[in-house]
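Novice: predicted model and sequence follow; I will ask about them next.
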Amino acid sequence: MSIHPSLRSSEKGKKQRSVLKRTERLKTMMDKEQWKEGDPVYGLPKIKTVRIKIKKEKAAEKAASEAAVVSEQGAPAAGAGSAAKKTEK
């Protein structure tokens, strides 16, 4: 059974969270050595998320480089497939 399109979540509709969840806070605090095993997990300080903004130019360059990689990988396979079709005729 499939999900109705109105019930699906899209990446476009998701909102950037401003504060991390408790488990995420513990991981970041452990990385920064601010929390040790055995410390209380209640009353942790709030940690803001780092928002990453990608400029349109960088996003376009990234998309172009990914397309180039895909075309490089796909070109030999397409050439081999067309050669195989020619030999079958």
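Specialist: Sure, I can see it. Since the model is a prediction, treat every value here as computed from it, not as a measurement.
Novice: domain parsing for this protein?
Specialist: Structural domains annotated on the chain: 16-52, 54-89, as defined by automatic domain parsing.
Novice: buried ones in the first one?
Specialist: Within domain 16-52, the residues that qualify as buried are 20, 25, 26, 29, 35, 47, counting by 16 or more other Cβ atoms under 10 Å. No exception for glycine: its C-beta is placed from N, CA and C like everyone else's.
Novice: ok, back up a step: mean pLDDT lowest where, among the domains of the chain?
Specialist: Ranked by mean pLDDT, these bottom out at domain 54-89, which scores a mean of 62.
Novice: would you reformat the buried residues of domain 16-52 as TSV and include distance to residue 3?
Specialist: Rendered in TSV, the data for these read as follows (distance: Cβ to Cβ, whole Å):
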residue	distance to residue 3
20	28
25	32
26	33
29	37
35	39
47	33
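Novice: which of those sits closest to residue 62?
Specialist: Nearest to residue 62 among those is residue 20, at 26.3 Å by Cβ to Cβ.
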